[in-house]
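Enquirer: Sharing a sequence plus its predicted fold:
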Amino acid sequence: MQTAPTAVQSSSPYFDEARSAEVVNARMSEDADARLRQVMSVLVKHLHAAVKEIEPTHEEWFTAIRFLTETGQMCTDWRQEYILLSDALGVSMLVDAINHRRPSGATPNTILGPFYVANAPEYANGANICLDGKGEPMVVEGRVTDIDGNPIPNAKLEVWQTNDDGFYDVQQKGIQPDSNLRGVFTANSEGRYWFKSVKPRHYPIPSDGPVGKLLGAMGRHPNRAAHLHFIVTAPGYDPVITHIFTPDCPYLPEDAVFGVKRELIAEFNKIDDPEAAQRVGFSSPFWAVSWDFTLATSRKPARAIP
Ligand code: BEZ
Ligand code: FE
C-alpha cells in the first residue's frame, strides 16, 4: 500500500479543491510588488471562499462571466458601468469611508458619482445656476469653517445637481443648456457663500445596462435620494466631496448607492412670503436652505500606496 507523505502533500503545487487558494497564491513571485502580493492574495482567498460557499454550476459561473463581459462592453468615455457596479454594491462608499476618517464635527464625505465636471463656470455669490427655468426655486447659503468654527475665506465650492426632470446636463447634451445646474463659488472673507438654484429631486442612476438589470433581478430600485453635490476645497484642508439631502425624500433610507449619511440631511424651509421672495429675486414661494461646511486640516493617508 502506498501512503502519500503529508509534508509533501501540504506544499504540493498541484490543484486540489481544499487548498485551491493556497495553490494559486503560492505561484506569486516573492519579487512581485509587496502591495500587489497582498491585494491579490486576499482577493484570491476570498474569491475562492465565495465560490466554495456558493458552489456554482458551470452555467451559473458562465452567467457571472457574461455579466462582467457586458459590464465592460457598456463602458465608454462617458459611461463607466464598473464604477456604477461598485456604487450599487456599496463598495464605493466603503472605500471612501476607509480613506476619509475625519474628526468628529467635520463634514463627512459621500459618493462623488459620475456626473462631476471639472472647470464648471465660476459665479459670484448670489448667482442662479438653474439655466432651464424648471423646478421650485431655492436659495442655499452658509459658511465654510474649520473644526473650531473659524471662517475659511476664499474656500472654493463646486456644486452640481440634476434638473427638475431628473437628469444632469451632461446626460442631456443639446436638450439642457450647457452647464445647467452646476457652478463654482468662492466663499467671502467671512467664509460665507450663497447661491440660487432649484430644489433637487430624486432620480434614477443609469439603469439601462447590466447593473440596472442586476438591481431589478435583486428587487432593488435604481433611485437616488434627492441631493445637491458639493466639493469644498481650501489650501491646507482635506477636500470634502459630499452632498446635502432633502429631508422629505422617500428614498433617503434606500438610496441606490448607499450615499446618505444622517449628518448630510438638511432642513429645507418653504418660504411663502412675497417680500422675502422679492428680496432674493424670486416670486413666492421658494425654498431656503442654510448649510455650513466644516473642513478638517489635511493629513497624510493612513497607508501609503506604492
Ligand atoms: C450621482 O449622485 O450623481 C450618482 C452617484 C452614483 C451613481 C450614479 C449617479
Ligand atoms: Fe447625483
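Expert: Here it is on my side, so go on. Ligands and ions are numbered 1, 2, ... in the order given.
Enquirer: ok, the residue of the stretch 101-250 of the chain found nearest ligand 1 - contacts?
Expert: Here the stretch 101-250 of the chain gets closest to ligand 1 at one residue, Gly113, 2.8 Å apart by C-beta to the nearest ligand atom. For glycine as for every other residue, the C-beta is placed from the backbone atoms N, C-alpha and C. Residues in contact with Gly113 (C-beta atoms under 8 Å, 6 or more residues apart in numbering) are Asp87, His229, Val257, Gly259.
Enquirer: ditto for Gly126
Expert: By C-beta under 8 Å, 6+ apart, the contact list for Gly126 reads Trp194, Phe195, Lys196.
Enquirer: please redo it, this time with the cut-off set to 6 Å
Expert: Applying C-beta atoms under 6 Å, 6 or more residues apart in numbering to Gly126 gives the contacts Trp194.
Enquirer: and the gap between it and Lys45?
Expert: Distance, Gly126 to Lys45, using C-beta to C-beta, to the nearest Å: 55 Å.
Enquirer: returning to what we had before: in PyMOL, how would I select just the buried ones from the contacts of Gly113?
Expert: Buried subset of the contacts of Gly113, written as a PyMOL selection, criterion 16 or more other C-beta atoms under 10 Å:
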select buried, resi 87+229+257+259
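Enquirer: Tell me how many other residues surround Pro239.
Expert: Here the number of neighbours of Pro239 (other C-beta atoms under 10 Å) works out to 15.
Enquirer: what's the closest non-adjacent residue to it?
Expert: Leaving aside its sequence neighbours, Pro239 sits nearest to Thr233 (C-beta to C-beta, 6 or more residues apart in numbering; 4.5 Å).
Enquirer: Can you get me a residue count around that neighbour?
Expert: Thr233: 16 surrounding residues under other C-beta under 10 Å.
Enquirer: Per-residue pLDDT of it, please?
Expert: Thr233 is assigned 98 on the pLDDT scale.
Enquirer: cool, and Ser11?
Expert: Here the pLDDT value assigned to Ser11 is 84.
Enquirer: cool, and Ser284?
Expert: Reading off the model, Ser284 has pLDDT 85.
Enquirer: wait, it sits on Ala277?
Expert: Yes. With contact defined as C-beta atoms under 6 Å, Ser284 counts as touching Ala277 (4.0 Å).
Enquirer: Around Leu43, how many other residues sit close by?
Expert: Neighbours of Leu43 using other C-beta under 10 Å come to 12.
Enquirer: for it, helix, strand, or coil?
Expert: Following DSSP: H, G, I helix; E, B strand; the rest coil, the label given to Leu43 is helix.
Enquirer: what residues does this structure put near ligand 1?
Expert: For the chain, the contact set with ligand 1 under C-beta under 6 Å from any ligand atom comprises Leu84, Asp87, Ile111, Gly113, Pro114, Phe115, Ile205, Arg224, Val257.
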